[in-house]
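Engineer: Here is my input, please return the structure:
(one chain, ligands or ions: 1)
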Amino acid sequence: MNSKANSSIRCHVSVCKNHCKSQDYCALDSITVGTHETNPTMDQCTDCQSFVK
Ligand code: SF4
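Structural biologist: A predicted model of the protein is given here:
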């Protein structure tokens with residue numbers, strides 16, 4: 001479990017290995033955000049590519 005909250009990266013994906021479990025933040029210093037769409041038009045088109053099961 002990683003417990004260091006990065007207050008610059010709020011995240012609701014608590015099942016991610018990189019999530020700060022005690023608060024609603026990521027514990028990484030930085031993340032990579034990408035898209036699975038060729039022409040993204042809404043937030044659902046984007047993905048955190050730093051996610052770890
Ligand atoms: S790596 Fe991405 S999905 Fe995982 S806790 Fe951090 S921001 Fe959330």
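
Engineer: make it CA atoms for all contacts and neighbour counts henceforth
Structural biologist: OK.

Engineer: in the sheet, who's paired with T46?
Structural biologist: Partner residues in beta bridges with T46, using DSSP bridges, are T35.

Engineer: And the closest residue to C11 other than its chain neighbours, what's its pLDDT?
Structural biologist: Of all residues beyond its chain neighbours, the one nearest C11 is Y25 (4.9 Å), with distances taken as Cα to Cα, 6 or more residues apart in numbering. At Y25 the predicted local confidence, pLDDT, stands at 98.

Engineer: Look up phi and psi at Y25.
Structural biologist: Note on Y25: backbone dihedrals following degrees, to the nearest 10 are phi -140, psi 160.

Engineer: cool, the one 4 residues further on as well?
Structural biologist: As for D29, its main-chain torsions (degrees, to the nearest 10) stand at phi -70, psi -30.

Engineer: In contact with it: list those residues for me.
Structural biologist: If a contact means Cα atoms under 8 Å, 6 or more residues apart in numbering, then D29 has N6 as its contacts.

Engineer: re the thing from before, burial measure for the residue nearest to C11, as a count.
Structural biologist: 22 (other Cα atoms under 10 Å).

Engineer: The residue of the chain found nearest the ligand and H12: what is the separation?
Structural biologist: Proximity to the ligand, evaluated over the chain using Cα to the nearest ligand atom, is greatest for H19 at 3.5 Å. Taken as Cα to Cα, to the nearest Å, the spacing of H19 relative to H12 amounts to 8 Å.
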